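Below is the structure, and that's it, no one-letter string:
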């Protein structure tokens, strides 16, 4: 009898241990999970050790780790499982709630003085959108549908929130890959852009000194977000959530009467949303749904789109200089800053410029096309959404 009980108890323990083991990550792990966890660790290393856009890469990197812990379906812990906490947090990405809030914060922390002082710089921000439409054409050639190609193309604007906003409407099934590609290449701007900038410019062009910016009045700063919003929103009403929040955030900053609101938008609010968007975008790279040939193709197209965008900006400045008198010419090294990665791209212009002339500071000039790129990417997203949505 005792032997029988002992045997039954042993079987009971073994059976329960077997059930427990089947629920562990060790039992459910695949090579895909291991590969994505390695990617997450690389993101963390780049953000922490190399200090490459840590505000983006650290939340995304840890989100990738969270999203790739293997589990049995039905536990309601995965980001794609209805009813899970991560799924509720992901709602802000999937429905495009987070991007406009990010734009509100960007507007509240951005000084448009460089752009107001030299309106010609707005054209550089427009020229760089060549990366978006170039990637769109390449995506079509790779077999993506029109809507998918539009969502992929927006990576070329170097604007993570805009990429999420557009992908959530045109190709939600590709949202994770597009968001990760956009944020990854935003962090890699200091690596991708300098070789293109050096390849396209001569020694003489790199040493061009731009005229000091004129002083911009407070009235101009207040009128700019109002006029800018009306002009752009009437052209592309489909971009209202992004453009409206961007320009309202800037008006909160420049009006002088809503300092508390501007401080909240540019500080605690954007920090909270950045954490949520980074974490959930990272977690959306769940290996079982993320690792597909389309995801890998998107990463390749994203890299190409950044090269095209940088080429478009630098080449356009060289073209513009053909019509400008000596003393009014623009240093082509700020052409790269037309992408929407604020202020990373402007810092690249500054660093490359200083490597040729330690006294030629291009940062403030580069901020003109840099903030123009934010507006330009939102307008481009509105155009794509208008005829593809």
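Done, it's in. Since the structure is predicted, the reported quantities are computational estimates derived from the model, not experimental observations. Residues are numbered from 1 along each chain as shown.

buried stuff in the helix or strand in which residue 41 is found?
Taking DSSP states H and E as the criterion, residue 41 maps to helix 31-48. By neighbour count on 16 or more other Cβ atoms under 10 Å, the buried set for helix 31-48 is 32-33, 36-37, 39-40, 43-44, 46-47. Placement of C-beta: from N, CA and C, glycine included.

just checking, what packs against that helix?
helix 54-67, helix 175-187, helix 287-290 (3 or more Cβ pairs under 8 Å, 6 or more residues apart in numbering; DSSP states H and E).

In CSV, list these along with mean pLDDT and mean neighbour count.
What follows is the helices and strands packed on helix 31-48, written out as CSV (pLDDT from 0 to 100; neighbours: other Cβ atoms under 10 Å):
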stretch, mean pLDDT, mean neighbour count
helix 54-67, 92, 23
helix 175-187, 86, 26
helix 287-290, 78, 18
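
any chance of those in a markdown table, plus distance to residue 85?
A markdown table is the format used below for the helices and strands packed on helix 31-48 (distance: least, Cβ to Cβ, whole Å):
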| stretch | distance to residue 85 |
| --- | --- |
| helix 54-67 | 11 |
| helix 175-187 | 18 |
| helix 287-290 | 18 |
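
thinking again about what came up before, what residues does the helix holding residue 41 touch?
Counting by Cβ atoms under 8 Å, 6 or more residues apart in numbering, helix 31-48 makes contact with 25, 52-54, 56-58, 60-65, 67-70, 184, 187, 282, 285-288, 290-291, all of which sit outside it.

Check the burial of the nearest residue to residue 175 once chain neighbours are set aside by counting its neighbours.
Distances taken as Cβ to Cβ, 6 or more residues apart in numbering put residue 167 closest to residue 175, at 4.5 Å, once the chain neighbours are dropped. The tally of other residues near residue 167 (other Cβ atoms under 10 Å) stands at 30.

Check the secondary structure at residue 167 for me.
Secondary structure for residue 167, judged by DSSP: H, G, I helix; E, B strand; the rest coil, is helix.

Would you agree it is in contact with residue 173?
No - using Cβ atoms under 8 Å as the test, residue 167 is too far from residue 173 to be in contact (9.2 Å).

what separates stretch 220-240 from the chain centre, distance-wise?
22 Å (Cα atoms, centre = their mean, to the nearest Å).

what does that stretch contact?
Stretch 220-240 is contacted from outside by 107, 112-113, 116, 243-244, 247-248, 250-251, 254-255, 375, 378-379, 381-383, 385-386, 389, using Cβ under 8 Å, 6+ apart.

Then stretch 115-130?
The contact list for stretch 115-130, computed with Cβ under 8 Å, 6+ apart, reads 114, 156-157, 213-214, 216, 220-221, 224, 308-313, 315-317, 320, 330, 334-335, 337-339, 365, 367-377, 379-380.

Going by secondary structure, residue 369 is in what exactly?
Per DSSP H and E, the secondary structure element for residue 369 is helix 363-388.

Can you list the buried residues in that helix?
The neighbour-count check on helix 363-388 (16+ other Cβ under 10 Å) flags 363-385, 388 as buried.
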